[in-house]
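> predicted model follows, preceded by the sequence.
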Amino acid sequence: MAEVTEEKMKWGMAIDLDVCTGCNACVTACAMENNIPFTGEDESGYGRGLHWIRIQRYWHGDYPEIKPDYSPMLCQQCGNAPCEPVCPVFAAVHSEEEQINLQVYNRCIGTRYCANNCPYLSRVFNWFDYEIPEPMAYYLNPSVTVRRRGVMEKCTFCVQRIHAGQEQAKAEGRPVQDGDIVPACAQACPTDAIIFGDLSDPQSRVSQMARSQRSFRQLEELGTEPRVIYLKGGGQYGG
Amino acid sequence: MDKVIALTKRPAFRIGVGLVLLVLLAGAGGGLYLTQTPPPQPIQFPHNLHVGIGAQCQYCHPGVAWGPTAGLPSISKCWGCHQQVQKKSPELEKLAAYVSRNEAVPWVPVAIQPDFVHFNHRPHVAAGVACESCHGDISKMTVAEPQPRQNMGWCLDCHKTMAPENFTRLSDCSICHY
Amino acid sequence: MTQKYTRREFIKLSGLTAAAAAVLTGCGPASRYVVRRPYTDMPEYQQTGLSTYFATTCRECPAGCGLIVRTHEGRAIKVEGNPAHPVNRGKVCSRGLTAVQGLYNPDRITGPLQNGSEISWDQAVAQVSEALKADPQGVAFFLGLAPDHLFDLVSELTAALGAPPPVRYGAYGMFDARRTLTEAAKLTFGVPSMPFFDLGESDFILSFGANFLETWVSPLAYARGLSQMRRGKNNARGRLVVIEPRQSVTSGTADLWLAPAPGTEALVAAALANLVAARLGLSLPDDLASVDPKEAAAAAGIAFEKLQEVAAGFASARAPLALPGGSALAHANGLAAARAVLVLNALVKNLGRPGGVFLTPADPAASSFADVQDLVARMNAGKIHTLFIHGVNPVFELPAALGFAAALKKVPQVVSFASFPDETAALSTLVLPDHTLLESWGYQRTLAGADREAYSAAQPVVVPLHNTRAAADVLLSAARQLPTLAAALPYADEVEFLQARLLPLLESRKGFYDAPEILTFWSQWLQYGGWWPQRAGLEAPIVAELYAAAAPLTPPAPLASGELHFYTYPTQLGDGSGANRPWLQETPDPMTTVMWNSWVEIHPETAAKLGIHDDDVVKIVSASGEIEAVAYLYPAIRPDTVAVPFGQGHSALGRYAEGRGANPAALLPLSVNESGDLSFGDTRVSVQPTGQRRPLSRMENRHGVYDHAE
C-alpha cells in the first residue's frame, strides 16, 4: 500500500450514470449467471443478501424537487486493493495477468477480514448454506463454482466469461477483440449504461469512456485505483 | 494408600488411544487407497488392446479438440466398429446387449477434478500436451486408472516448465479457480 | 455471444436429463416434437461440456422480446437477449432473466388434475371435448395478453363453434389502460392502433405517467430509446419530463418531474396544449381551448411557471414527443387525457417523423374491463357452463370488488391451463397445466415496441419437465373428436397450426430471409427467433379531422377530509405472476430497495400528521375493501397520495409468493372510463396506523438512506 507504482491496467468497466435508470436488471442478471443463492426475506433484511452488484439509491433535494441518484456498486477490482493484504490465507489475491481481484473459494476460511477492509462494501459472506430446492438447482451455471457456507464472495468481472473469450480467440488464432467479452450485467443492461473492456487498449470503448470529462472513480482519494469508472449523470455534461 | 497413576500413563488408556489412532489411520489409508483404485466399470474396457491396434485417443474422445471435456463414446461409436468384429469376448456380449436395448453404457468417469477447479482440455491439446502426460500410459491399462497425486502442485510443476513469459498467466489463480 | 449465436445453424434441441442421463433431441426442420432420445443417439453437434443456444420469445409480459437461452446438457441455464431481435436488441429485463426460475419452480403443477386428484391426459381431453359439444353459447374463453398464437387458435375455434369470441385481458393491459389509448388513436388518427413512439430519435420526451422503464407496453424497447435519446445525435442530450403523482423509475431518471393530483393529468395536458399552441400560433378545438392553463396548474398542484417551462421546451425542441401512460389514462376522464396527449403530438407535427408517433400494424385485439364485467355478469347469470382460462390469473389480478371468485362458483366446469398453482387454478374444476415458456412453441406479435412489423418465434429449449401439455394441443385434440370442429381446424397439432399461420409471412416475401417452402422457412424462423423485414418502416398516422371528437375533461372532485388519493402500479413482479421467482423477490425495488414484501409509500409529512412511522403496519380502507401493509416513508410522492405496488399478496402460487405482502386489487373500484377501461386511478382511501410494526427487508439499511451532501 505504501509504494505508489505505475498503474498496471487491464480489464475495466465504465458505468454511465446519465443513462443508468436504476432498473436492477444487472442485479438479477448477475445472480442468474453466478449461481448466487437467494436468502429470503429475513436474511436479506439482516443484510445477508448475496448481491454481488447492487444499485445504491440516494435522494437529492426535497419534495417536489427531489431526485434519486443511482450508483451501481460492485467490486471495484482495485489496482491497490485493501482486501488483499489482510487475508491470512491468501484467498483474496491479485491476478497479475488479468489485473483483477480474485477470491479463491477453496482457500477461504471465512475470517471476513477482507470484507471489513473493503471501503465499497462490495464483498458478501455466505452465513449459511442456502437451500435451492429441487429441481431449481437445474439452472445453476456449470462454469461457476457453487459456494458453500463460510466463504466470502464478490463480483469477479465474470472471469469465467473472460477465460472463455480468451480461450475462444486463441483457438481461432486471433487476438481478443473489444466487445468479445461481456459480463452478465453489461449484457443485460437495457440502456447499455455498463461498458466492459480492456483499459490497456486506448481504442477500446471503455478506455474512451474513461477519458470522458464526466468520469470519476468511487472514493478515489483512498488510492485504491478502482477499475470501475463512473460517468456523472444528471445532465452534467462537460464536467 | 492407593497408588495414583496419571490417566495418560494407564496402559489401558494408552492401548485404547493407540487403537483409535490405528483405526483412524487405517480409515484414512483405506480412503486414500480407494481414491487411487479404478472404480468398477460396467464393461471391462481394454484400453491396451485398442491403443495396441493403433486407435487414436481422439477417435473415441474427440471433445478434447474443441472443448473442456473429452467426452465418453456413445454405443453408436463402439458399434460402428464392433458390429463388424466377431463377438467372442463376454465383455463384447455386454456391449451387444446395451446396443440391442438401445441403452447408454453407464461409464464411470475416472479423471475428474473437484467442483472448484475448472479444467479445459482444448488449450492443453492445442499446446501439444500428450494425453499420457496426465492420464498415464493407457497402453498398459485395461480400464482407465486414476493417476496418483493429481493435485495443484502437480499442475504447477508442469506449468513451471513452460515459457517464462507465460508463467504469470499459467500461475494465475483465476486460470482454474472461479 | 455473437460467436455462439452464429454457431446455432440448424441446431436441434438436445440435452441430457439429470435423472435418466438420456439425451433429448428433436425439433429440427423435419421433426417437431421434443422427444427423449437415449445417449446412444448423441447428435454430432452436441458435445458434453459445451452449451447449446436456442432462440425463443419471452412471455413474462406481452411485449414479445427475443431471447437466446443457454442450455447445457438439456437444462436451461441462462436467459440472454437476442441481439438481432428488433424489440430488445440483445437486452433482457429482470423478469425475463428469471424465466428459468419459473421453469424449474418447485411448486409447478406436474400433471392434469380434476378437483385436486390426478387424471390422465386422455380423460382430460375427453372432458374438454365433452364441454365443446354442449351449447356453444355457454362456452367462454378468458385469455391473457400472451401468447398470441393461442389467442389466434382460440379465435378460430370459437368462430367455428359459434361461441362468443375470447375475452383477452390482464393486469398489464389494465395498468396501461391500453383500450383507452387505442380508442384515442382511433378518435385522433382514425385507426384503432397501439401507437409506437420513437424515443430514440426524439430530443424532448414528455411522459404523462408512462412508466416505460419498468412495465409500460414494451419496456426494453423504450429503455433503449431513452438511452439513444440521452446520448443524442452529435452529443446533443435529449430531455425527459415526466408528469405523474408518484415518482417511478422513469420519473426518477427524468430531468424534470412534476406531480399532478391524480385525475388532473387531462387538465395538465390540455393546459400544455394551450401553451404550446400559443407559442406556435396554432388554434385548438373549443373543449381544449376552454381550459385555462393557470387554473389547470392550480387544480393539479403544479407551479404555473413549471408548465410554461415545459411548454417552451416542448415547442422549441427539434423532435418533441408526448407519451400517454396508464396512470394518466386510468381515470374517468382518461379518454380526454389520451386525446389531449395525442393532440400535443399533432401540434408539433411529429406524426410519422423520426422521433415521433407511428401506427403499428398488429391489432392488439385486447378486451376492455367492461368486456370482463360482461363476462362476469354472464357467469353470475348461469349462462356459462364451461370457462377456459389461460395466461391470466383473474382472481388475483382483477379488482376483488368484481367478485370473480364468487362468479367462478356459478360455472359448472372451470378449466384452467395454469402452469403454477395460482388463485384461479385453486378454484377450477379441471387444471390442465400448460408448458412454461421455455418448453413451448408459439409466436408473439410484437406490441408497439419495434420500428417495424415483427413476429417473434417461441420454441422449446428443453424437454418438458413435467407431465404438462400445450393448451393448443389439448384444444386441437378435443376438437378433433367433434366432426364439425375437425373440419374447421384441420391441424394435426400446434406446430402444424403455427406453420399454417406463418405461411402468409413467407408468401409476403417481406422478411429479411426468404425460403422456397414452409419447412425451410420454419428452420430459419426458429434459428433467428422470428420474422421481421430487413428495413424499418411503420405507417405514419394521418390526422384527417383532429378536432372532431370531444371527451369530457371534467377534473375529479376535491378530496374530502381524511381522504387520500390511492395509486397502484406494477413492479418487476409484473402482473403478479413473477412473485414465485425468488430472485425477482430478492432483487430490490429500484426506488425503495425493499425486497420480498409489499409496502405503502407515504410522504413523510403526511405520515407525521397521521402518526405513522417507518415500518409501521397501516390499514388502508377504500370504498371497495381494505388491506394492511407496512409503511415506507417515501419522499418522492405527493403528500395527498399513497401508493402500494402491485404483485404481492398472493394466497396461492407456491412457497415464494404465498402470504407475502398485500394485494392492492382489493381496494380498486369498478368504475370504468368512456373506453371501458378500469379507472383505478380515481380510488380514494383513508390510512390509519394499526399499532403494529414489521420491519421491511431493505437493501438500503446497510448503506444509509439520505445523502444531503449536496
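Good, I have the coordinates.
> which residue packs closest to B:H135, ignoring adjacent ones?
Of all residues beyond its chain neighbours, the one nearest B:H135 is B:A111 (6.1 Å), with distances taken as C-beta to C-beta, 6 or more residues apart in numbering or on different chains. Quick note: C-beta positions are derived from backbone N, CA and C, even for glycine.
> for the chain, longest helix please?
Just going to use chain A. Across chain A, the helix with the greatest residue count (assigned by DSSP state H) is helix A:159-171.
> chain B is the one I meant
As assigned by DSSP H, the longest helix anywhere in chain B is helix B:11-35.
> averaged pLDDT, that one. What do you get?
The predicted model assigns helix B:11-35 a mean pLDDT of 87.
> picking up where we left off before, after the longest helix of chain A comes which helix or strand?
Proceeding C-terminally, helix A:159-171 gives way to helix A:184-188 as the next helix or strand, assigned by DSSP states H and E.
> outside of that next one, which residues touch it?
Identification of contacts with helix A:184-188 by C-beta atoms under 8 Å, 6 or more residues apart in numbering or on different chains yields A:13, A:25-30, A:32-34, A:53, A:72, A:74, A:158, A:161, A:192, A:194-196, C:1, C:78, C:80-81, C:90-93, C:97.
> which residues of the chain fall in helices?
No chain specified, so I'll use chain A. Ranges of helices in chain A, per DSSP H, are A:25-33, A:41-45, A:113-117, A:159-171, A:184-188, A:205-210.
> um, chain B though
In chain B, the segments counted as helices under DSSP H are B:11-35, B:47-52, B:57-60, B:75-82, B:90-101, B:121-126, B:131-135, B:152-160, B:167-170.
> likewise for the stretch 501-650 of chain C?
Residue ranges of the helices in the stretch 501-650 of chain C, as given by DSSP state H, counting those that start in this stretch, are C:518-528, C:582-586, C:604-610.
> CSV please, covering those helices and showing distance to C:A184 and mean pLDDT.
Shown next, in CSV, are the helices of the stretch 501-650 of chain C (distance: least, C-beta to C-beta, whole Å; pLDDT from 0 to 100):
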stretch, distance to C:A184, mean pLDDT
helix C:518-528, 34, 94
helix C:582-586, 32, 95
helix C:604-610, 33, 94
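> ok, and which of the ones you listed has the densest surroundings?
When neighbours are counted by mean count of other C-beta atoms under 10 Å in any protein chain shown, the highest per-stretch mean among those falls to helix C:582-586, a mean of 26.
> one step back: which of the helices of chain A sits closest to C:A487?
Shortest distance between C:A487 and the helices of chain A, using C-beta to C-beta, is found for helix A:25-33: 46.7 Å.
> ok, back up a step: give me the number of residues near the residue nearest to B:H135?
For B:A111, the tally of surrounding residues (other C-beta atoms under 10 Å in any protein chain shown) stands at 14.
> which residue sits farthest out from the middle of chain A?
Relative to the average C-alpha location in chain A, and by C-alpha atoms, centre = their mean, no residue lies farther out than A:P64, which sits at 33.8 Å.
> now it. Nearest residue, chain neighbours left out?
Here the nearest residue to A:P64 in space, its sequence neighbours aside, is C:A259; by C-beta to C-beta, 6+ apart that works out to 5.8 Å.
> please apply the same query to C:L256.
Using C-beta to C-beta, 6+ apart, the nearest residue to C:L256 is C:V241, at 4.6 Å.
> how near is that neighbour to chain B?
Distance of C:V241 to chain B, given as C-beta to the nearest C-beta, to the nearest Å: 45 Å.
> and that residue, which of the three is it?
Secondary structure for C:V241, judged by DSSP: H, G, I helix; E, B strand; the rest coil, is strand.
> which residues touch it?
Contacts were defined as C-beta under 8 Å, 6+ apart; by that measure C:V241 touches C:204-207, C:254-258, C:310, C:313-314.
> try it again at 6 Å.
Taking C-beta atoms under 6 Å, 6 or more residues apart in numbering or on different chains as the contact definition, C:V241 lies against C:206, C:256, C:310.
> just the element for the spatially most central residue of chain C, please.
Most central residue of chain C, judged by C-alpha distance to the mean C-alpha position with C-alpha atoms, centre = their mean, is C:Y172 at 3.6 Å. With secondary structure defined by DSSP H and E, C:Y172 is part of helix C:171-176.
> what helices or strands is that helix leaning on?
With contacts defined as 3 or more C-beta pairs under 6 Å, 6 or more residues apart in numbering or on different chains; DSSP states H and E, helix C:171-176 has no helix or strand neighbours.
> so which of the helices of chain A has the densest surroundings on average?
Most buried of the helices of chain A, by mean neighbour count (mean count of other C-beta under 10 Å): helix A:25-33, with a mean of 28.
> that one close to chain C?
Yes. Where contact is defined by C-beta under 6 Å from any C-beta of the partner chain, part of helix A:25-33 touches chain C, namely A:25, A:27-29, A:31-33.
> contacting residues around the helix holding C:Y172?
By C-beta under 6 Å, 6+ apart, the list of residues contacting helix C:171-176 from outside reads C:61-62, C:145, C:216, C:326, C:366, C:397, C:570, C:575, C:678.
> export stretch A:127-138 to CSV, keeping only CA atoms.
Only the C-alpha atoms of stretch A:127-138 are listed here, as CSV (Å, rounded to 0.1, in the frame of the first residue of the first chain):
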residue,chain,number,x,y,z
TRP,A,127,-23.5,-17.1,6.5
PHE,A,128,-25.4,-20.3,5.8
ASP,A,129,-25.8,-22.9,3.1
TYR,A,130,-28.9,-21.5,1.4
GLU,A,131,-31.0,-24.4,0.1
ILE,A,132,-32.1,-24.3,-3.5
PRO,A,133,-35.0,-26.9,-3.7
GLU,A,134,-35.1,-29.4,-6.5
PRO,A,135,-35.4,-29.0,-9.4
MET,A,136,-34.5,-25.4,-9.1
ALA,A,137,-30.8,-26.2,-8.9
TYR,A,138,-31.0,-27.3,-12.6
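> could I get the buried residue list for that stretch?
For stretch A:127-138, the buried set under the neighbour-count rule, 16 or more other C-beta atoms under 10 Å in any protein chain shown, comprises A:130, A:132, A:135-136, A:138.
> also near chain C: which of those, exactly?
Among the buried residues of stretch A:127-138, the ones lying near chain C by C-beta under 6 Å from any C-beta are A:135-136, A:138.
> enumerate the residues of the stretch 451-600 of chain C near chain A.
C:582-583, C:586-587, C:590, C:595-596.
> farthest pair in those residues?
For these, the maximum inter-member distance is 18.3 Å, found between C:P582 and C:P590 (C-beta to C-beta).
> for the chain, give me the ranges with low pLDDT.
Let's take chain A. Counting by pLDDT under 70, chain A has low-confidence residues at A:1-7, A:234-239.
> I was after chain C.
The low-confidence ranges in chain C, as defined by pLDDT under 70, are C:1-46, C:233-234, C:362-364, C:544-551, C:701-710.
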